[in-house]
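>>> 3D model of this:
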Amino acid sequence: MREAAIGGHHAVRCNTEIVREYAQKLYEPHLHFPTTTIEEGNMNIRRKSARAFISIPLALLLSILGTGVAHAASMNGAAGQMPAFYDGTQFTVNMKEMPLNASAALIAHNPSINMIFASNDLDEEQDFIPVIDAIQGDGFNPLWQQVLIVFNAGFTPHQFTSDEAVLAAAAGAHPEIHLVVTDEVYRCSVVGPGPKRP
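The predicted model follows:
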C-alpha cells in the first residue's frame, strides 16, 4: 500500500451545476422580455436559437467532464460497491461518502463508528482491497471512518485480510505500517459475500 498524501476531504460538485451557473452568468444580461405579440414571436425564434447555442457547448463540456461525473457517481448505489476483507473473508460492501460537515459531527459525537482500512483514499482506485473491522451482528454500525495504511520504509506492501493483522502490523518498536486517520466517513453496508478467492 503506497504512501498517500493527505489533503483532507475532497469536495465534489456536480459538473451540471457548474455548467448551468456558468451559462446563466453568461447569457442572463442578454435576456429581454417581449412587450408585443410580434416581439413574442421573435422571442420564440431567439429562444430556440439560444437553446441550441447553449446546448452544444454544454454537451461538449459535459462530455469532457463526463469522467468526473461518472467518478463522483461511482460512490453511490450499486456503482459504489467494492470488495472488502473481514476476518479473512472477502465481502462486497456498498459505500457512500458522507458530506464533510456530517463527517465532522459524526466523528465528534458517535463513539461507535467502525474503521475501514484502505491503501488509498476510498474514492480512488485501490492498490489493495480495504479491510473492515465489523459486519452486521458484530457490533455493527453502518458508519466507517477511513484510515489509510502507509507502509514504512524497508517493508514490502502487501494485502491485509483482517483488522487484527492491520493493528498488529502498526504495533511494536519497529512497525511495518503506520495508520493515518482521515476526516472522511462513509455509510457502508455489507451487501453480500465477495467473489471466491482462487
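>>> Check which residues of the longest strand seen in the chain are buried.
In the chain, ranked by residue count with DSSP state E as the criterion, the top strand is strand 177-193. Along strand 177-193, these residues count as buried under the neighbour rule (16 or more other CB atoms under 10 Å): 177, 182, 184-188, 190. To be clear about C-beta, it is placed using only N, CA and C from the backbone, and glycine gets the same treatment.
>>> Closest to Ala108 out of those residues?
Using CB to CB, Val185 comes nearest to Ala108 of the buried residues of strand 177-193, at 10.8 Å.
>>> just checking, the closest one touches Leu100?
No. Counting by CB atoms under 8 Å, Val185 does not reach Leu100; the two are 9.2 Å apart.
>>> I'd like to know which elements the helix or strand Val147 falls within is packed against.
Under the criterion DSSP states H and E, the helix or strand holding Val147 is strand 143-151. Of the remaining helices and strands, those touching strand 143-151 by 3 or more CB pairs under 8 Å, 6 or more residues apart in numbering; DSSP states H and E are strand 114-118, strand 177-193.
>>> Among the ones you listed, show the one with the smallest mean pLDDT.
Comparing mean pLDDT across the helices and strands packed on strand 143-151, the lowest value falls on strand 177-193: a mean of 90.
>>> List the pairing partners of that one within its sheet, with orientation.
Each strand that pairs with strand 177-193, with its direction, by DSSP bridges: strand 89-97 (antiparallel), strand 143-151 (antiparallel).
>>> Using CSV, list the CA coordinates for it.
Included here for strand 177-193 are C-alpha records, laid out as CSV according to Å, rounded to 0.1, in the frame of the first residue of the first chain:
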residue,chain,number,x,y,z
ILE,A,177,3.0,0.3,8.8
HIS,A,178,1.7,3.5,10.2
LEU,A,179,-2.0,4.4,10.1
VAL,A,180,-3.3,7.8,9.0
VAL,A,181,-6.8,8.6,10.4
THR,A,182,-8.7,10.8,8.0
ASP,A,183,-11.7,13.1,8.4
GLU,A,184,-13.8,11.1,5.9
VAL,A,185,-16.7,9.0,7.0
TYR,A,186,-18.6,6.5,4.7
ARG,A,187,-22.0,5.0,5.1
CYS,A,188,-21.4,1.4,4.2
SER,A,189,-23.5,-1.8,4.1
VAL,A,190,-22.3,-5.3,3.6
VAL,A,191,-24.4,-6.4,0.6
GLY,A,192,-23.1,-9.9,0.1
PRO,A,193,-20.1,-12.3,0.0
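>>> that older thread, out of the helices and strands packed on strand 143-151, nearest to Asp127?
It's strand 114-118; of the helices and strands packed on strand 143-151, that one is closest to Asp127 (CB to CB) at 9.1 Å.
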